[in-house]
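Q: Sequence plus predicted model, see below.
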Amino acid sequence: QVQLLESGGGLVQAGGSLRLSCVARSIFIINVMGWYRQAPGKQRELVATITSDDRINYADSVKGRFTISSDNAKTTVYLQMNSLKPEDTAVYYCNVLYGSRRYPYWGQGTQVTVSS
C-alpha cells in the first residue's frame, strides 16, 4: 500500500524550531520529494523540494530558515524549520513525484502552529 507517513508537527513559539519527517512506503522510483503548506483561506504553496540527484529548491519566504534533506535511500524527506514565524502556521503536506511519468502523491498533512 502506497503511503507517505508524516510526523513532527506541533505548536511552537515564534523563533523556535521544528523538524518534519516524511517516510515513503511502497513508492518506487521517486523523482522528487518535497513539502508544501496551506494556511487557512490560502492556496497550497511550495515550501521546498529535493530531487533524486539532490537538487534543492526553496520558496523565497523560507530561504535561510528552512532546510530540506533526504536519507541516502531517498525514501525519507526532512524539513528542518528554524526561526519560525507566525506566518509559517499552516498544514504542511509531504509530496512525492514518482515513476516514469512523475505521478504525484500527497501525505495527509501535519499541523504546524507558531504562536507570537
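A: Done, it's in.
Q: Going by neighbour count, which residues in stretch 95-107 are buried?
A: Going by neighbour count (16 or more other C-beta atoms under 10 Å), the buried part of stretch 95-107 is 95, 96, 97, 98, 105, 107. For the C-beta atoms, the positions are set from N, CA and C on the backbone; glycine is no exception.
Q: I meant to write stretch 64-73 there.
A: So, applying 16+ other C-beta under 10 Å, buried residues of stretch 64-73: 66, 68, 70.
Q: got the residues you listed as CSV, with pLDDT columns?
A: Shown next, in CSV, are the buried residues of stretch 64-73 (pLDDT from 0 to 100):
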residue, pLDDT
66, 98
68, 98
70, 96
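Q: Helix, strand or coil: sort out residue 47 for me.
A: Taken by DSSP: H, G, I helix; E, B strand; the rest coil, the conformation at residue 47 corresponds to strand.
Q: re earlier: among the buried residues of stretch 95-107, which are located in strands?
A: Those of those mapping onto strands are 95, 96, 97, 98, 105, per DSSP state E.
Q: ok, the fourth one - contacts?
A: Under the criterion of C-beta atoms under 8 Å, 6 or more residues apart in numbering, the contact list for residue 98 reads 27, 28, 29, 30, 31, 105.
Q: Next up, the contacts around the residue minimising distance to the centre of the chain.
A: Central residue of the chain (C-alpha atoms, centre = their mean): residue 35, 2.4 Å from the mean position. By C-beta under 8 Å, 6+ apart, the residues touching residue 35 are 20, 22, 47, 48, 49, 68, 77, 79, 92, 93, 94, 95.
Q: and if you look at residue 18?
A: Counting by C-beta under 8 Å, 6+ apart, residue 18 has contacts 8, 9, 10, 12, 81, 84, 112.
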